[in-house]
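fold the following.
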Amino acid sequence: MPDLAAIVIHCRDPYLLAPFWSTVTGLPVVEEDRAKIADRSLEPDESVLLRDPAGRRPDVWISPVADLPGPGRIHLDLVGDAEERAAVLEAGATVVRELPRWTVLADPEGNEFCLLPRGEAHGDTLLPGH
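Predicted coordinates for the structure are as follows:
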């Protein structure tokens, strides 16, 4: 099977979403892009790269697009404890709905993602469309 190399998150505003997803994933914005975010000098269609310095996790690209498709531009399942959940909410996420085994959250542009407690897995009880 192929290896997962990267995740691409389409967005309207990479200046908003790159810092959000960097905080939520713990992946730093690469140095060159960090400078461009700081001085707001990204080219109109330029993406921002979040990269694990150790190379153990896939890259995450924050990629601006003119027209965003409807829901489902991306969906991540993250695992975290109560402290990590609080940090995600502080970074700008909102709770969409609480489910018995996980919480559905949204980033500042409305992309939904799930936060599962550590040691939990979706198993066979996924919601339709999940």
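
if I pick the one residue sitting closest to the centre of the chain, what's in contact with it?
For the chain, residue 21 is the residue whose C-alpha lies nearest the centre (CA atoms, centre = their mean; 4.5 Å). The contact partners of residue 21, taken as CB atoms under 8 Å, 6 or more residues apart in numbering, are 9, 27, 50, 60, 62, 107. The way it works is simple: take the backbone N, C-alpha and C, and place the C-beta from them, glycine included.

pLDDT at it, what is it?
pLDDT for residue 21: 95.

all helices of the chain, in order?
14-25, 31-38, 82-90 (DSSP state H).

specify the angle between the shortest one and helix 14-25 in degrees.
Read that as helix 31-38. 130 degrees (axes from the mean of the first three to the mean of the last three CA atoms, to 10 degrees).

give the buried residues for helix 31-38.
33, 36-37 (16 or more other CB atoms under 10 Å).

would TSV of these with pLDDT be doable?
Compiled in TSV, the buried residues of helix 31-38 are given as follows (pLDDT from 0 to 100):
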residue	pLDDT
33	97
36	97
37	97
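
turn those residues into JSON lines, columns for distance to residue 92.
JSON lines is the format used below for the buried residues of helix 31-38 (distance: CB to CB, whole Å):
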{"residue": "33", "distance to residue 92": "19"}
{"residue": "36", "distance to residue 92": "20"}
{"residue": "37", "distance to residue 92": "15"}
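
quick one, strands of this protein?
For the chain, the strands defined by DSSP state E cover 6-11, 48-50, 59-64, 77-79, 94-98, 103-106, 112-116.
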